[in-house]
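Chemist: okay, here's the prediction I keep looking at, along with the sequence it came from:
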Amino acid sequence: MSVRVQTADFDISAEIARLRAANPKIGAVASFIGVVRDINDGDAVAAMTLEHYPGMTEKRLAEIEAEARARWPLDGVLIIHRHGRLEPGDRIVLVATTSAHRQAALESCAFLIDWLKTKAPFWKLEEGATGAAWVEAKESDDRAADKWKR
């Protein structure tokens, strides 16, 4: 399955190897790994809890994947997004795309991350020294996603 929402960590090398397995047409692999930082907007972050609506989230991620496949000639797409409580240094998301050529792989990977950041139904609660607070959407993320509008 090319879209997974899970609590468990993932093995980047194993996931990329599965995505590339036995396909000699692949000439490019692009990937992005998102990691929990220990600081956000100048405030220390002790942990982040990601929440989502099961079923709805997977459906929306599959729609975003389908949009990428419609725009670029891709051989493979992988989206793994974790949920639950994560600490600084923990991996949150892996997005990987494969194609015959680098431009399609790179552009589609950037598109997927930009759209996941703004269109995927995840909610982030950050814990810090002053308590817990929900992470608000950022205008910079919206601007990044806007460049992909048709």
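Modeler: Everything's here; your move.

Chemist: looking at the residue most central in space within the chain now. What's its pLDDT?
Modeler: What sits nearest the mean C-alpha location of the chain, by Cα atoms, centre = their mean, is residue 93, with 4.3 Å. Residue 93 carries a pLDDT value of 98.

Chemist: please apply the same query to residue 41.
Modeler: Residue 41 is given a pLDDT of 83.

Chemist: distance of the residue nearest to the centre of the chain from residue 100?
Modeler: As judged by Cβ to Cβ, to the nearest Å, residue 93 and residue 100 stand 25 Å apart. Bear in mind the C-beta positions are built from the backbone N, C-alpha and C, glycine included.

Chemist: got it, and residue 94?
Modeler: In this view, residue 94 and residue 100 are 22 Å apart by Cβ to Cβ.

Chemist: who has more neighbours out of the two?
Modeler: A count of neighbours by other Cβ atoms under 10 Å puts residue 94 above the other of residue 94 and residue 100, at 21 against 14.

Chemist: not counting sequence-adjacent ones, nearest residue to that one?
Modeler: In space, and not counting its chain neighbours, residue 94 is closest to residue 80: 4.5 Å by Cβ to Cβ, 6 or more residues apart in numbering.

Chemist: give the burial count for the one you found, as a bare number.
Modeler: 23.

Chemist: that one touches residue 9, doesn't it?
Modeler: No: if you go by Cβ atoms under 8 Å, residue 80 and residue 9 don't touch, sitting 9.6 Å apart.

Chemist: report the outermost residue of this structure with respect to its centre.
Modeler: Most peripheral residue of the chain (Cα atoms, centre = their mean): residue 130, 28.0 Å.

Chemist: just the pLDDT at that one, thanks.
Modeler: We have a pLDDT of 87 for residue 130.

Chemist: surely it and residue 43 touch.
Modeler: Yes: look at residue 130 against residue 43 with Cβ under 8 Å: they come within range, at 7.3 Å.

Chemist: for residue 76, which non-adjacent residue is spatially closest?
Modeler: With Cβ to Cβ, 6+ apart as the criterion, residue 76 has its nearest non-adjacent residue at 4.1 Å, and that residue is residue 98.

Chemist: mind telling me what element the one you found is part of?
Modeler: Using DSSP states H and E, residue 98 maps to strand 91-99.

Chemist: ranges for the strands of this structure?
Modeler: 3-6, 28-35, 39-40, 43-44, 47-52, 74-82, 84-86, 91-99, 122-128, 131-134 (DSSP state E).
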